[in-house]
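Participant: What would the 3D arrangement of this be:
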Amino acid sequence: MDTFDPVVLARIQFAANMTFHILFPSISIAMGWFLLFFKTRFIATGQAHWMATYQFWVKIFALTFALGVVSGITMSFQFGTNWPGFMNKVGNVAGPLLAFEVLTAFFLEATFLGIMLYGRGRVSERIHTLATFLVAFGTSMSAFWILALNSWMHTPSGFEMIEGKAHVTSWLAVIFNPSFPYRMTHMMIASGLVVSFLLAGVSAYRWLQNDRGSDVMATLRSGIFVAAVLIPIQIFVGDMHGLNTREYQPAKLAAMEAVWDTQNGVPAVLFALPDAETRTNRFEIAIPKLGSFYLTHDWNGEVAGVNAFGDKHPPVAPVFWAFRVMVGVGLLMFAVSWFVTFQLRRQADISNFTARILVAMTFAGWLALLSGWYVTEIGRQPWLVYGVLTTAQAASSVPATNIGFTLVMYLLLYVILLFAYVSAVFYLAKKAGAQRGHYV
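Facilitator: This is a model prediction of the structure:
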C-alpha cells in the first residue's frame, strides 16, 4: 500500500464515505415533506389509507435518518485525520457553518423525530403534525447549511486572507455565494426525484406482491406525479446552473463537455473517449454547434477549452462520463414518469409491465444523484477551495498503509450496510399488507 499516493487514497476514502452518506440525506430531505403531505391529507380527508401510508414510510424515514447521521459523523472525523489543512486554512468559515447545521437543523430533527415515530395517540393530532413539519424543516435546514459550505468551496466569497487563513468579512456573502442558489435548488429537486422514484418503486413492488390497497396506489401516484412535475423544472435549473458554472468554474465546464481547445460554436459531444495524453477525443460522436447553444445560449458562443487552464483543471474523462450518466438517467426518469402519468390518467391501475419498470427504477434517483455529485466534486479538482486551497495542500501526512487499511474496512462495512438497508426496505414492503389493519 506504500506504493500508492496517500493523497489519492485519502481522496478515494473521502469519496467512498461521501458516496455512502449522501444516499441517505437525499432521501431524508424530501421524505420529510412527503410525510407531511400524507399526514395533512389524512387530516383533510379522514381517509385511513393516508395514515397507512404515513405509518409505513415513517419507518423507512427513521432507518434512513439513522444511517445518515452515523455516516455523517464518520465523514466529519476525516477532516481532522486526512485533511487538516482544510480546517487550518478555512476553518473560520467552515467551522461556524457546520456548527450552525448542528444547532439549527440536527437538534431540531433529533428532538421531534421521536414524536413523529411514537407520539401519535400520546399527543394531539396537531402537535404530531407540527412535529412532522419541524423534522421536515430540519432536514431542509441541514441541507441549507451543508450546501452553503459546499457552494462556498466552489465559489468562495465574503472573506479575506490574513496570514494564510481565511477570515469572514460578510457572512451573507459567504452563505449566499454565487453558486449557492443554483446548487441548493438543484439538490432539493434531486432529493425530491430520489424519493419520488423510491415511493413509486416500492409501491409497485407491493402491487406485484398483490398488496393493492388504496394506500399503495395513493403512494405510487404521489411519487410519479411529483416526479413528472419536478424533472422539467430540474432541466431548467440545471441549465441555469450550467451558465453559472461557465462563469465561475470554466475548467469544470470544459471537462464536462470534453472541450480541449477554446473555440466558438463548440459541438455537443454525445460519445467520446477523452485522451488526457494527446488531449483529444477518440471515437467522438458530436452534433455541431449544439454545445455552444446550450452552454452559452448562442449557436456561435465561445467556450473555454481544457488547454486554456494549464495543469489547473480536473481529470476530463471521469467528469465527462459522470455528467452523461447523470443526464442519461435523468432523461430515462423523465420518460418513465411521463409514461406512467399518462397511463394513470387513462386508467385507475397499472399493468404488470409498468410495475416491473418502476421496481427497476426504484433507486434510479441515487444513480443520477451520485453521478451529478461526482461531476461537482471531481470537477473542482485540483482545488479543495476553488482558487484558495488545493487538495494536495490540505492533505495530512498519514501513511498510505493506514489510509488503505481503513479504506478497505469502510468499503466492506458500507457494502454490508447498503445491502441491509435495501433488504430492510423491501422486507417492510412485503410485510406491510399483513399489518394494514393496525395502522389506524
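Participant: low pLDDT regions in the stretch 101-250 of the chain?
Facilitator: Residue ranges of the stretch 101-250 of the chain with pLDDT under 70: none are present.
Participant: What ranges does it have for its strands?
Facilitator: 159-162, 165-168 (DSSP state E, counting those that start in this stretch).
Participant: Show me the contact partners of the first one.
Facilitator: With Cβ atoms under 8 Å, 6 or more residues apart in numbering as the contact definition, strand 159-162 has outside contacts at Asn92, Val93, Ala166, His167, Val168, Thr169, Ala173, Val174, Val388. For glycine as for every other residue, the C-beta is placed from the backbone atoms N, C-alpha and C.
Participant: okay, that strand in CSV with CA atoms only?
Facilitator: Provided in CSV are the C-alpha atoms of strand 159-162 (Å, rounded to 0.1, in the frame of the first residue of the first chain):
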residue,chain,number,x,y,z
PHE,A,159,-13.7,36.6,3.1
GLU,A,160,-10.1,37.8,3.1
MET,A,161,-6.8,36.0,3.7
ILE,A,162,-4.9,37.2,6.7
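Participant: Just checking: what are the partner strands of that strand?
Facilitator: strand 165-168 (antiparallel) (DSSP bridges).
Participant: gap between Thr81 and Arg183?
Facilitator: 27 Å (Cβ to Cβ, to the nearest Å).
Participant: which of those two has more neighbours?
Facilitator: Arg183 (22 against 14; other Cβ atoms under 10 Å).
Participant: Tally up the residues packed near the residue nearest to Pro288 when sequence neighbours are not counted, please.
Facilitator: Spatial nearest neighbour of Pro288, excluding adjacent residues (Cβ to Cβ, 6 or more residues apart in numbering): Pro267 at 5.0 Å. Pro267 has 19 neighbours, counted by other Cβ under 10 Å.
Participant: from memory Pro267 sits against Leu290, does it?
Facilitator: Yes: the criterion here is Cβ atoms under 8 Å, and Pro267 meets it with Leu290 at 6.4 Å.
Participant: returning to that earlier point: which PyMOL command selects the buried ones in the contacts of strand 159-162?
Facilitator: Only the buried entries of the contacts of strand 159-162 go into this PyMOL selection, using 16 or more other Cβ atoms under 10 Å:
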select buried, resi 93+166+174+388
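Participant: from the contacts of strand 159-162, which single one is nearest Lys312?
Facilitator: Val388 (12.5 Å; Cβ to Cβ).
Participant: What backbone torsions are found at that closest one?
Facilitator: phi -120, psi -50 (degrees, to the nearest 10).
Participant: now the residue lying closest to it once chain neighbours are set aside: how far from Ala62?
Facilitator: Setting aside the residues directly before and after it, Val388 is nearest to Pro156 in space (Cβ to Cβ, 6+ apart), at 5.7 Å. To Ala62, Pro156 is 37 Å away according to Cβ to Cβ.
Participant: between these two, which one's more packed in?
Facilitator: Pro156 (23 against 14).
Participant: I figured the more buried one was touching Val385, is that so?
Facilitator: Yes: at 5.7 Å, Pro156 counts as touching Val385 under the criterion of Cβ under 8 Å.
Participant: residues bridging contact with the two, i.e. touching both?
Facilitator: Ala166.
Participant: and the residue nearest to Leu407 when sequence neighbours are not counted, how many neighbours does it have?
Facilitator: In space, and not counting its chain neighbours, Leu407 is closest to Gln13: 4.5 Å by Cβ to Cβ, 6+ apart. Gln13 has 20 neighbours, counted by other Cβ under 10 Å.
Participant: same question, Val123
Facilitator: Count around Val123 with other Cβ under 10 Å applied: 14.
Participant: likewise the one 4 residues further on?
Facilitator: Using other Cβ under 10 Å, the number of residues around Ile127 comes to 14.
Participant: show me what contacts it?
Facilitator: Counting by Cβ under 8 Å, 6+ apart, Ile127 touches Ile115, Gly119.
Participant: what helix or strand is the most centrally placed residue in the chain on?
Facilitator: For the chain, the residue nearest the mean C-alpha position is Leu369 (4.5 Å; Cα atoms, centre = their mean). Applying DSSP states H and E as the criterion places Leu369 in helix 364-378.
Participant: mind listing what's buried in the helix or strand just after that helix?
Facilitator: Reading on from helix 364-378 to the C-terminus, the next helix or strand found by DSSP H and E is strand 383-385. The neighbour-count check on strand 383-385 (16+ other Cβ under 10 Å) flags Trp383, Leu384, Val385 as buried.
Participant: Which residues outside the very next helix or strand once past strand 383-385 are in contact with it?
Facilitator: Counting by DSSP H and E, the element after strand 383-385 in chain order, helix or strand, is strand 389-390. With Cβ under 8 Å, 6+ apart as the test, strand 389-390 has contacts from Gly85, Phe86, Lys89, Val90, Pro382, Trp383, Leu384.
Participant: so how far is Arg11 from the first one?
Facilitator: To tie it back to what came earlier, the one meant is Gly85. From Gly85 to Arg11 the distance is 13 Å (Cβ to Cβ).
Participant: Check the fifth one too.
Facilitator: With distances defined as Cβ to Cβ, the gap from Pro382 to Arg11 amounts to 11 Å.
Participant: Find residues that contact each of these two.
Facilitator: Here Pro382 and Arg11 share the contacting residues Thr391, scored by Cβ under 8 Å, 6+ apart.
Participant: Look at the two and report which has more neighbours.
Facilitator: Shown here are Pro382 and Arg11; by other Cβ under 10 Å, Arg11 has more neighbours (21 against 14).
Participant: Just the element for that one, please.
Facilitator: Using DSSP H and E, Arg11 falls within helix 6-45.
Participant: Would you mind pulling up the elements that that helix packs against?
Facilitator: Counting contacts by 3 or more Cβ pairs under 8 Å, 6 or more residues apart in numbering; DSSP states H and E, helix 6-45 packs against helix 48-81, helix 125-154, helix 180-208, helix 214-248, helix 364-378, helix 391-394, helix 400-432.
Participant: now these in CSV, with distance to Asp311?
Facilitator: Formatted as CSV, the helices and strands packed on helix 6-45 follow (distance: least, Cβ to Cβ, whole Å):
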stretch, distance to Asp311
helix 48-81, 26
helix 125-154, 19
helix 180-208, 26
helix 214-248, 20
helix 364-378, 16
helix 391-394, 12
helix 400-432, 23
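Participant: how about these, which one is nearest Ala272?
Facilitator: So among the helices and strands packed on helix 6-45, helix 364-378 is nearest, using Cβ to Cβ, at 15.9 Å.
Participant: Now do that closest one: which elements does it pack against?
Facilitator: Packed next to helix 364-378, using 3+ Cβ pairs under 8 Å, 6+ apart, are helix 6-45, helix 180-208, helix 316-346.
Participant: Outside of it itself, list whatever touches it.
Facilitator: 15, 18-19, 22-23, 26, 150, 154, 183, 186, 190-191, 193-198, 252, 256, 314-315, 318-319, 322-323, 325-326, 329-330, 332-333, 336.
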